[in-house]
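Q: one predicted model, sequence on top.
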Amino acid sequence: MLSFVLSRHKIANLKELIVQVQHYGFRSGLRSFLHQKNISNLKLNHYHSWFINKHLPDSSELDKQRIHKFTYEPLISIIVPTYNTPRRFLIEMIESVIAQTYLKWELCIADGASSHPETLEVLRNYSVKDSQIKVLFLSENFHISGNTNQALTIASGDYIGFFDHDDILTPNCLYEYVKEINQYNKPSLLYCDEDKVSSDSKFFSSPTFKPDFAMDTLRVSNYICHWLVIRKDILDKVGEFDTKCNGAQDYDMVLRVVDVSRDIIHIPMVLYHWRTHAASTAAAFGIAKPYTHDAGILALTKHLKRNNLVGKISAGVDSNIYKIDYALTHFPIISIVIPIIQDTTKLQKCLDSIYKKTTYQNYEIILAHQSIQDLKTDLSQLQNRYPNLKLILCHCEYESRSLRANTCMWNTRVCARDNLLNISAMNNLGVSHANGEYLVFIDSNTEVITPNWLEEMLMFAARADVGAVGAKLYYPDNKLYNGGLILGVGSLGVGVYAHHNMPKSFRGYNNLLYTVRNLSAVALNGMMIEKSKLCQLAGFDENYKIAFSDIDLSIRLKRAGYLIVWTPFAELLYNQTKHLNYYNEYMDNAGFSSDLNLFTTKYGLHLNDPYYNINFSRSDETYTLDTPRPLRALV
């Protein structure tokens, strides 16, 4: 097995294996690595047994589904383009449709002039013996997009599902889709979780547990992928598949659908098995079909143009993963608000890093402190050291109770001398003095790593649909501090940081630590927000003294209709003691309990985070398989 690891993709695999073993231990680390690489080892693959014994419905459940009557029972047209499909794969694909517990379906196959007699024989036999199976034998091969378009001409369903010729549906797949179609009043598009099935159909591995619909995550890669089902009238509106996008035709289709409708439902159940064999994309994550990467760039390019977004698309961390650098046409003032809480010894390093490394020119720095007597740093020396910067000291005892900043106004309490720590109040005070259109909040013990960190965040914060943007933070030893917040998990049930304390080289589940994505919340340290949007929500809630004000603000932004974006391309260094998760650094403070009580009173605990799949564990160790059978949680 080790020789396989070393030979297949050389040193890169070995480095990934070492990272996994260092963090999880030998057995768990090896198992995690094997899952990611689709190496079939039943003894080590916990997922296989989980899927068979915990996730797949038993025979009694399937029997109940067969007799269930829905209020709305749409005809589902299943579209399959074929071309020289191996006999066994083709039969298993067709039989997986026949085995569906929901019976109102039709299988529409367009064969692109296959030259293999066994492929044609299987198709003829099934089309004769089953009236629900319609086969169109084409005179030539129009390739995947063209063949799919031909299959659409014989489809008469209310919903159209797109199925690869060698993959497999679980028997409850259509039932679960129709269940959601009824529950969510005929959504425009539906997709589910998926995994990989070995060429002998005996081994399930590498599950892809997906987030609910996330626009920025989708612009990184086609995470929606399988099993794609689209309402017929929506499909008619966006048009047929673009043959120029062969290899990423489904990605192009999804992007066109979301341009006309965001009524999209994710079913967090593994209902689709993606076949792995030597020539499949599933087997090599795009390596076997490199043209799919370029086709994805074309699909994204068209999507940006349709949405009047200007950006440069480049290759991401892996095949079929992309980075978009949105063009900045306006360079507004950015106010960097730094609350000085206790230790000011690291403030000098913080300011030095901003001044020396930041490439963005139009910014100011605002220091917010509650007591001028407690500030040990000589402000005149700082002003002399940074003559081109605007340094402002805000201290609570001299502030008015009513704060105004342009059109922004909210009421706040003066920080009393017996309550010297109120981060929310300090940030609000800093904002009231800010001249910037955009605000960035960082701790005084934070340093800049990425020179263009402000540009990387501004390109998202400047969008009308984005509320807050979060940065990626490391500890001084290059271990990950903040990989984005996940709500509703951890020992307190509030939230934790994704892949906390992992090595810098660790990519995370499905490369999430190296890709832009949507989240439910981002941390205060490294947050950017447009000032008008913060003012719209009356600033930070000052009832939170030390913790949860960032999560509270993120939730309020989401409820106001804004997206939250986390980017790994704005990197900061956090000079602080390591903690287990989001809240541990505050737990020893006297105000933590009241903050926790306030948060739980407003929102409760164990929130369902739509961007964190319910099949994952709710523990501090994120993105690990949840052993008990998951229940369907409503967003």
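A: On my side now, so go ahead. All values derive from a computational prediction rather than experimental measurement.

Q: what about residue 577, how many neighbours?
A: Close neighbours of residue 577, defined as other CB atoms under 10 Å, add up to 8. C-beta here means a position set from N, CA and C on the backbone, and glycine is covered the same way.

Q: distance from stretch 139-157 to the middle of the chain?
A: Remark: stretch 139-157 is offset 32 Å from the chain centroid, using CA atoms, centre = their mean, to the nearest Å.

Q: ok, stretch 244-264 next?
A: Per CA atoms, centre = their mean, the centroid offset for stretch 244-264 relative to its chain is 17 Å.

Q: one more: stretch 191-198?
A: 17 Å.

Q: next, the buried residues of stretch 113-126.
A: 114, 119, 120, 122, 123, 126 (16 or more other CB atoms under 10 Å).

Q: residue 518 sits in which helix or strand?
A: Element membership for residue 518 (DSSP states H and E) is strand 517-519.

Q: for residue 555, that is, sorry about that
A: Judged by DSSP H and E, residue 555 forms part of helix 549-559.

Q: going by contacts, tell me the helices and strands next to that helix.
A: Contacts defined by 3 or more CB pairs under 8 Å, 6 or more residues apart in numbering; DSSP states H and E place helix 549-559 against helix 423-432, strand 466-474, strand 485-487, strand 563-574, helix 592-603.

Q: of these, which is nearest residue 240?
A: strand 563-574 (30.1 Å; CB to CB).

Q: report all helices and strands that the closest one contacts.
A: Contact analysis of strand 563-574 by 3+ CB pairs under 8 Å, 6+ apart lists helix 215-218, strand 446-448, helix 453-461, strand 466-474, strand 517-519, helix 549-559 as its packing neighbours.

Q: low-confidence regions, the chain specifically.
A: Scanning the chain for pLDDT under 70 picks out 1-17, 19-25, 27-45, 277-289, 342-344, 370-380, 387-421, 578-589, 627-635.

Q: hmm, 50 instead?
A: 1-10, 35, 38-44, 283-288, 398-420, 629-635 (pLDDT under 50).

Q: ok so, going back, CSV for the helices and strands packed on strand 563-574, including mean neighbour count and distance to residue 353?
A: Converted to CSV, the helices and strands packed on strand 563-574 look like this (neighbours: other CB atoms under 10 Å; distance: least, CB to CB, whole Å):
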stretch, mean neighbour count, distance to residue 353
helix 215-218, 20, 27
strand 446-448, 22, 4
helix 453-461, 24, 10
strand 466-474, 26, 13
strand 517-519, 25, 25
helix 549-559, 21, 22
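
Q: make a markdown table from the ones you listed and add distance to residue 259 to it.
A: What follows is the helices and strands packed on strand 563-574, written out as a markdown table (distance: least, CB to CB, whole Å):
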| stretch | distance to residue 259 |
| --- | --- |
| helix 215-218 | 11 |
| strand 446-448 | 36 |
| helix 453-461 | 19 |
| strand 466-474 | 18 |
| strand 517-519 | 17 |
| helix 549-559 | 22 |
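
Q: so which of those gets nearest residue 26?
A: strand 466-474 (25.6 Å).

Q: strand partners (parallel or antiparallel) of the next helix or strand after the closest one?
A: Downstream of strand 466-474, the first helix or strand assigned by DSSP H and E is strand 480-482. Paired with strand 480-482 in the same sheet, following DSSP bridges, are strand 466-474 (antiparallel).

Q: what inclination does the strand it pairs with have with respect to strand 563-574?
A: Counting by axes from the mean of the first three to the mean of the last three CA atoms, to 10 degrees, strand 466-474 lies at 30 degrees to strand 563-574.

Q: list the contacts of the strand holding residue 518.
A: The set of residues external to strand 517-519 that reach it, using CB atoms under 8 Å, 6 or more residues apart in numbering, is 211, 214-217, 220, 470, 484-486, 554, 563-566, 611.

Q: try it again with 10 Å
A: Residues from elsewhere that reach strand 517-519, judged by CB atoms under 10 Å, 6 or more residues apart in numbering: 211-220, 223, 466, 468, 470, 483-487, 498, 510-512, 554, 558, 563-568, 609-612.

Q: nearest to residue 430, out of the helices and strands packed on strand 563-574?
A: Of the helices and strands packed on strand 563-574, nearest to residue 430 by CB to CB is helix 549-559, at 13.3 Å.

Q: that closest one versus helix 592-603: what angle between them?
A: Counting by the same axes, to 10 degrees, helix 549-559 lies at 10 degrees to helix 592-603.

Q: centre of the chain to helix 549-559, how far?
A: Distance, centroid of helix 549-559 to centroid of chain: 18 Å (CA atoms, centre = their mean).

Q: got it, and stretch 95-109?
A: With CA atoms, centre = their mean as the basis, the mean position of stretch 95-109 lies at 31 Å from the chain mean.

Q: buried residues in stretch 158-178?
A: Neighbour-count burial for stretch 158-178, counted by 16+ other CB under 10 Å, picks out 158-178.

Q: and for stretch 235-242?
A: Within stretch 235-242, the residues scored as buried using 16+ other CB under 10 Å are 235, 238, 240, 241, 242.

Q: again with stretch 302-322
A: Buried, per 16+ other CB under 10 Å, within stretch 302-322: 302, 303, 304, 313, 316, 318, 319, 320, 321, 322.

Q: what's near enough to touch the third one?
A: It refers to residue 304. Counted by CB under 10 Å, 6+ apart, residue 304 has contacts 219, 255, 310, 311, 312, 313, 324, 326.

Q: so it is in which element?
A: When elements are assigned from DSSP H and E, residue 304 belongs to helix 291-306.

Q: and after that helix, which helix or strand comes next?
A: Next along from helix 291-306, by DSSP H and E: strand 311-315.

Q: residues in contact with that next one?
A: Against strand 311-315 from outside (CB under 10 Å, 6+ apart): 219, 293-294, 296-301, 303-304, 321-327, 459.

Q: ok, and the closest non-adjacent residue to residue 101?
A: Spatial nearest neighbour of residue 101, chain neighbours left out: residue 65 (3.7 Å); criterion: CB to CB, 6 or more residues apart in numbering.

Q: name the element the residue nearest to residue 253 when sequence neighbours are not counted belongs to?
A: Nearest residue to residue 253 in three dimensions, chain neighbours excluded: residue 241, at 6.1 Å (CB to CB, 6+ apart). For residue 241, there is no enclosing helix or strand under DSSP H and E.
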